[in-house]
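Participant: Give the three-dimensional model of this entry:
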Amino acid sequence: MSDSMRKGKGTEAICRRWSWVAWSMAAGATYDLTFAVAMLAFHERAARILGLAPPGDPLYLRFSGLLLLLLGSLYLLPASSPVRYQGVVLVAACGRFAGFCFLVAAWRAGQGPVFLGLGLMDLVFALLHALLLVRARAAGSMLP
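Facilitator: The predicted structure follows:
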């Protein structure tokens, strides 16, 4: 252990970096949980707000909302304990990038511009989670 770690300066920097990871995961959880609630409880209104036609049979939309609810809930784990659940942060970054690719492909195939916007939000979260995780891990994960 270095002298600066013994004096608490290094530990403070490590804690600050991990707190940014927690913040990004809390923001991602809030984003996903908001969409999940909209998809489950207000799917017709949410579709109109996003400029989409509500599906005739909302079964798959609601099932997607349920999965998003579970995913957003999972993101709350690293939001409360980012060092312990850093593997979830890595999976979140990869999943967000996959979501970006999927949504941009849908937009390029002729879906509405909202798909591009949602895809770009996934890209922002993917980069944010990945960058903050790399920085925090570089600072250290062994907290007293």
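Participant: Pull out the buried residues from stretch 37-55.
Facilitator: 38-40, 43, 46-47 (16 or more other CB atoms under 10 Å). Any C-beta I mention is one placed from the backbone N, CA and C, and that applies to glycine too.
Participant: Low-confidence ranges, this protein, go.
Facilitator: Across the chain, residues meeting the criterion (pLDDT under 70) sit at 1-10, 141-144.
Participant: one step back: specify which member of the buried residues of stretch 37-55 is nearest to residue 73.
Facilitator: Lowest distance from residue 73 to the buried residues of stretch 37-55 (CB to CB) belongs to residue 40, with 13.0 Å.
Participant: Report the contact partners of the closest one.
Facilitator: Listed by CB atoms under 8 Å, 6 or more residues apart in numbering, the contact partners of residue 40 are 62, 65-66, 69.
Participant: so what's residue 120 closest to, chain neighbours aside?
Facilitator: Leaving aside its sequence neighbours, residue 120 sits nearest to residue 100 (CB to CB, 6 or more residues apart in numbering; 7.3 Å).
Participant: Out of the buried residues of stretch 37-55, give me the two with the largest separation.
Facilitator: Largest pairwise distance in the buried residues of stretch 37-55, by CB to CB, is 12.8 Å, between 40 and 47.
Participant: would you turn the buried residues of stretch 37-55 into CSV with distance to residue 123 and secondary structure?
Facilitator: Formatted as CSV, the buried residues of stretch 37-55 follow (distance: CB to CB, whole Å; DSSP: H, G, I helix; E, B strand; the rest coil):
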residue, distance to residue 123, secondary structure
38, 21, helix
39, 21, helix
40, 25, helix
43, 25, helix
46, 22, helix
47, 23, helix
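Participant: Same list, those residues, but as JSON lines with distance to residue 75 please.
Facilitator: Listed next are these as JSON lines, based on distance: CB to CB, whole Å:
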{"residue": "38", "distance to residue 75": "17"}
{"residue": "39", "distance to residue 75": "16"}
{"residue": "40", "distance to residue 75": "17"}
{"residue": "43", "distance to residue 75": "22"}
{"residue": "46", "distance to residue 75": "20"}
{"residue": "47", "distance to residue 75": "24"}
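Participant: For the most centrally placed residue in the chain, list the residues it contacts.
Facilitator: For the chain, the residue nearest the mean C-alpha position is residue 28 (3.3 Å; CA atoms, centre = their mean). If you count contacts by CB under 8 Å, 6+ apart, residue 28 has them with 72, 75, 92, 96, 125, 129.
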